[in-house]
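*Asks:* show me the folded form of this:
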Amino acid sequence: MVKKNRNQYIALYKPYGYTSHFSGQDKHQTLTEFNLPEDVYAAGRLDKDSEGLLVLTNDGDLIHRLQSPEVAHEKTYWAQVERIPDEQALRFLRNGVVLKGRKTKPCKARILDPQPKVAERNPPIRYRENVPEIWLEIKLTEGKNRQVRRITAKVGHPTLRLIRVSVGKLKLWDLNLKPGEWKEVKKSDIV
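*Replies:* Numbers count the residues shown, from 1 in each chain. All right, here's what the predicted structure looks like:
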């Protein structure tokens, strides 16, 4: 009788510029560069312009659960945006924004106070002397393609930098990871 390999759960701090895939797409940098265990797959996506927490596993049930729209697990993002949103812009984000004729689910959105100290990104974000920027915290229970970027732009505050800081119960700041680093975690750390 062949013994089934145990389930593995990996938390990776995906750096800016990498896709959430193992195979190359248009010569983008991929997850193959991080010496991850074999047979784990991303349970969700972060586009190449985003950074932060990415969960990888060989547990197909957990992948389905984390990606299923029927199971509302929360993901938290820090979005550095142009200009300081007023209460009306935050209310629009919280109530849901219409994108391509469909309204997004309500989310939690607030200005982070105090503002987080985040390491510089390479390459750095564009800097405009006369346009202030600020960090928002946005908590979603759905994950449409580039949703955070699209909803902040829709309310007049384009995202300059986006970091996913939590998936379910798993929080990036508890893991003490730097971009490109990963560690094995338990399923109970995530859900």
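*Asks:* any idea which element the spatially most central residue of the chain lies in?
*Replies:* For the chain, the residue nearest the mean C-alpha position is residue 164 (3.0 Å; Cα atoms, centre = their mean). With the criterion set as DSSP states H and E, the secondary-structure element containing residue 164 is strand 159-167.
*Asks:* other SSEs contacting the very next helix or strand once past that strand?
*Replies:* Beyond strand 159-167 on the C-terminal side, the first helix or strand identified by DSSP H and E is strand 170-171. Packed against strand 170-171, as judged by 3 or more Cβ pairs under 8 Å, 6 or more residues apart in numbering; DSSP states H and E, are the following elements: strand 51-57. Yep, even glycine has a C-beta here, placed from its N, CA and C like the rest.
*Asks:* ok, and what's touching the strand it packs on?
*Replies:* Strand 51-57 has contacts (Cβ atoms under 8 Å, 6 or more residues apart in numbering) with 7-16, 20, 31, 36, 40-44, 46, 63, 66, 77-78, 121, 161-167, 170-172, 175, 179, 182, 190.
*Asks:* ok, residue 36 touching residue 182?
*Replies:* Yes. In terms of Cβ atoms under 8 Å, residue 36 counts as a neighbour of residue 182; the distance is 6.4 Å.
*Asks:* show me the contacts of strand 51-57 that map onto helices.
*Replies:* Counted as lying in helices by DSSP state H, out of the contacts of strand 51-57, are 63, 66, 172, 175, 190.
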